[in-house]
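Enquirer: Fold the following.
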Amino acid sequence: MGIAPPRPRRAVALPRLRRDRASADGAERTLASPLALRRPRGRVAYGLLLAALLLATLSTILPLYWLFSGGLKQSAEIYRTPPSLIPERPQWDNYRVAWDHLRYARYFTNTALIALGSWAAQLVVAATAAYALSKLRPAGGRVVLFLFLSTLMVPSEAYLIPQYLTVLDVPVLHIRLVDTWWAIWLRAAVSAFNIYLLKSFFDEIPRDLTDAAVLDGANAWQVFVQIVLPLSKPVLSVVSIFAVIGTWKDFFWPFLVLTSPDLQPITVALYRLADNEPLNLIVAALAIASLPPLALFLLFQRQIIAGITFSGIKG
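Expert: Coordinates of the predicted model:
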């Protein structure tokens, strides 16, 4: 009597279930599921959400549109009420005149150099401090970190007078930093938020990597340069972008410490020239000044969003 051959197993149902489950999970991750859109209440909620997003988008785009279109108008047209959305006679020459007549190239160069120095100082201090607190873990490191974070609870305006007195006469050295870019660079160097952000990222780097490098004979500086920094390029790019944009749009501190017109950035220079120059040229100059931050955001928006998300998760 022969043995009956085994029945073939059905191998089709399991892949179907997986595909169906994957499709169901994908549907749950959308803004509104197809099932919710079939209901009247779901369609109303979806429409209200789209309307809110549209209003938020317009509230961001309209000021930028007014800025760039205002640079094409005459001064009388800018003052007109109600304002016109489209320039009657676009004055394309306003941007060239603003660049040449207002010595814009000089102020643009000043702003770029100030932003570059602030970026370098901020990145060096924040990265080295975060590395020491995260990987070297010195005695009293938690106390130092707590003191850094406690400064975030104090309004920045409360530091203006002590910081101004410091750059007016640096303690011990007795050096006057007013009317020098060092007054801006040194103030920008210490950022408690960036130190905390970088430390949180460095904490995620496996300690096995650094310990293995130490066993191979690497010192602390080599571990920092050859292992920690290459692995931290995403968060370093975010800190760099925030540093440049923050310095580019800063006004009040440069206004206090830079009184010489030859050293002033764009923000301070335009404020000083606003009373003596036509409004359409000032608006055109403001539009030119906003181009570098906008370009940085468009080029590195993924890194910026990733950095904000990471800081929000760790915070």
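
Enquirer: residue nearest the centroid of this protein?
Expert: Nearest to the geometric centre of the chain sits residue 242, at 3.3 Å (CA atoms, centre = their mean).

Enquirer: so is the closest residue to residue 269 other than its chain neighbours in a helix, a strand, or just coil?
Expert: Distances taken as CB to CB, 6 or more residues apart in numbering put residue 107 closest to residue 269, at 4.4 Å, once the chain neighbours are dropped. C-betas here are computed from N, CA, C, even on glycine. Under DSSP: H, G, I helix; E, B strand; the rest coil, the three-state class of residue 107 is helix.

Enquirer: how near is residue 107 to residue 272?
Expert: Plainly put, residue 107 is 10 Å away from residue 272 if you go by CB to CB, to the nearest Å.

Enquirer: got any residues that touch both of these two?
Expert: By the contact definition CB atoms under 8 Å, 6 or more residues apart in numbering, residue 107 and residue 272 are jointly contacted by residue 264.

Enquirer: The two - which one has more neighbours?
Expert: residue 107 (23 against 14; other CB atoms under 10 Å).

Enquirer: pretty sure that one is touching residue 262, no?
Expert: No - in this structure, residue 107 is not within contact of residue 262 by CB atoms under 8 Å, at 9.5 Å.

Enquirer: hang on, the earlier thing: does the residue nearest to the centre of the chain touch residue 198 like I think?
Expert: No - contact criterion CB under 8 Å: residue 242 and residue 198 do not qualify, at 11.7 Å.

Enquirer: what residues are shared contacts of these two?
Expert: Residues touching both residue 242 and residue 198 by CB under 8 Å, 6+ apart: none at all.

Enquirer: Run a quick neighbour tally on residue 137.
Expert: Look at residue 137: counted by other CB under 10 Å, it has 9 neighbours.

Enquirer: how far away is it from residue 223?
Expert: Per CB to CB, residue 137 is found 13 Å from residue 223.

Enquirer: How about residue 191?
Expert: Applying CB to CB to residue 191 and residue 223 gives a distance of 23 Å.

Enquirer: Next one, pLDDT for the nearest residue to residue 103 once chain neighbours are set aside please.
Expert: Closest residue to residue 103 apart from its sequence neighbours, by CB to CB, 6+ apart: residue 269 at 8.0 Å. Residue 269 carries a pLDDT value of 91.

Enquirer: Report how many residues lie close to residue 269.
Expert: Counted with other CB under 10 Å, residues neighbouring residue 269 total 25.

Enquirer: for residue 288, what are its contacts?
Expert: Residue 288 makes contact with 95, 98-99, 104, 108, according to CB under 8 Å, 6+ apart.

Enquirer: do residue 195 as well
Expert: 125-126, 129-130, 133, 148.

Enquirer: Name the secondary structure element that contains it.
Expert: helix 192-204 (DSSP states H and E).

Enquirer: For that helix, give the mean pLDDT please.
Expert: Mean predicted confidence for helix 192-204 is 91.

Enquirer: just stretch 298-314 next, same as before
Expert: Averaged across stretch 298-314, the pLDDT comes to 67.

Enquirer: try stretch 276-292
Expert: 89.

Enquirer: Assess the claim that residue 202 and residue 131 are in contact.
Expert: Yes - judged on CB under 8 Å, residue 202 makes contact with residue 131 at a distance of 6.1 Å.
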